[in-house]
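*Asks:* Prediction below, plus the sequence it came from.
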Amino acid sequence: MMFRLMTYNIRHGGRGREAPIAAVINACTPDLVLLQEAIAPRSVERIAAATGMEEWRAYDGQSLGFLSRTRVALAEWTRPRVSRHAFVEVVPASGALRVFGVHLAAVHAAWTEQRRLFELRALLRSVARHQDGFHVLSGDFNTLAPGETLDMRNLPLRLRSLVWMSGGRIRWRTVQTVLDAGYVDGFRMLHAGDPGLTLPTPAPHIRIDYVFVPSLFADRVVACDVVRHPQAAAASDHYPVVVDLAVDGGL
């Protein structure tokens, strides 16, 4: 059986952009959508209705939310003390997998990378008890993968200033920490030569949206792609990422 998961930062709650967001989602027919910046529940409700999703959750001021085509067995938010955002844990009714939605601290600078590392380690500690079961870490990690580069000239002047104020060089360690913990980068595993840029939609120059699975289950990642739908630029500043997972049985 195949399970399609989408991760999508809908920017500022998706207010006023519900229709193009729904169009992008409908083009992909996902079973579950992890939302970042889902801070406007009424907008998320409209998107759920427009996409035919049976269940959705979003809360005022809470970045992480979700849409599900079927009822879920579990939806739980946990906010580690060091994290700006809670992460969300979702288990579909089938129990075939467990999904952790992530939105790490933003802004490209040395001190924010350190904060992302603290947040990520807190998440990994929470996930550790599920390490032997099939699960996914997915969302907006706001950081670069090993070997990928950020051209500072593409950043707005205020953000370039922050990089230089924090030392002029960022040691991108967060994604490496995920890989060192035994996970594989689903997109990079299948697309060695594709940069997979996800931000910003008008002129993408960086990949910060990811899908990770434990290396033990790497063969279950059937496809993983950036969704460059014609309405994506009108929908958000992020392109979503979709992954097809082979699932069987329950947890």
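*Replies:* Sure thing, it's come through.
*Asks:* Would you confirm that Glu54 contacts Phe66?
*Replies:* No - between Glu54 and Phe66 there is no contact under C-beta atoms under 8 Å: 11.7 Å. To be clear about C-beta, it is placed using only N, CA and C from the backbone, and glycine gets the same treatment.
*Asks:* When the two are compared, which one has more neighbours?
*Replies:* Higher neighbour count among Glu54 and Phe66: Phe66, with 23 against 12, using other C-beta atoms under 10 Å.
*Asks:* in the stretch 101-250 of the chain, which spans are strands?
*Replies:* Counting by DSSP state E, counting those that start in this stretch, the stretch 101-250 of the chain has strands at residues 135-140, 183-185, 209-214, 221-226, 241-246.
*Asks:* In CSV, list those along with distance to His191 and mean pLDDT.
*Replies:* Listed next are the strands of the stretch 101-250 of the chain as CSV, based on distance: least, C-beta to C-beta, whole Å; pLDDT from 0 to 100:
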stretch, distance to His191, mean pLDDT
strand 135-140, 16, 98
strand 183-185, 10, 98
strand 209-214, 12, 98
strand 221-226, 7, 98
strand 241-246, 11, 98
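*Asks:* so which of those comes closest to Ala50?
*Replies:* strand 241-246 (17.9 Å; C-beta to C-beta).
*Asks:* Would you list the strands that the closest one pairs with, along with their directions?
*Replies:* Strand pairing for strand 241-246, determined by DSSP bridges: strand 2-9 (antiparallel), strand 221-226 (antiparallel).
*Asks:* Contacts only, for the nearest residue to Pro200 once chain neighbours are set aside.
*Replies:* In space, and not counting its chain neighbours, Pro200 is closest to Asp237: 4.4 Å by C-beta to C-beta, 6 or more residues apart in numbering. Asp237 makes contact with Asn9, Arg11, Leu199, Pro200, Thr201, Pro202 under the criterion C-beta atoms under 8 Å, 6 or more residues apart in numbering.
*Asks:* State the pLDDT value of Asp237.
*Replies:* On pLDDT, Asp237 comes in at 96.
*Asks:* For Ala106, give its distance to Leu5.
*Replies:* 22 Å (C-beta to C-beta, to the nearest Å).
*Asks:* Return a ChimeraX selection command for the buried portion of the contacts of Asp237.
*Replies:* Burial among the contacts of Asp237 is assessed by 16 or more other C-beta atoms under 10 Å; the matching ChimeraX selection reads:
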select :9,11,199,200,201
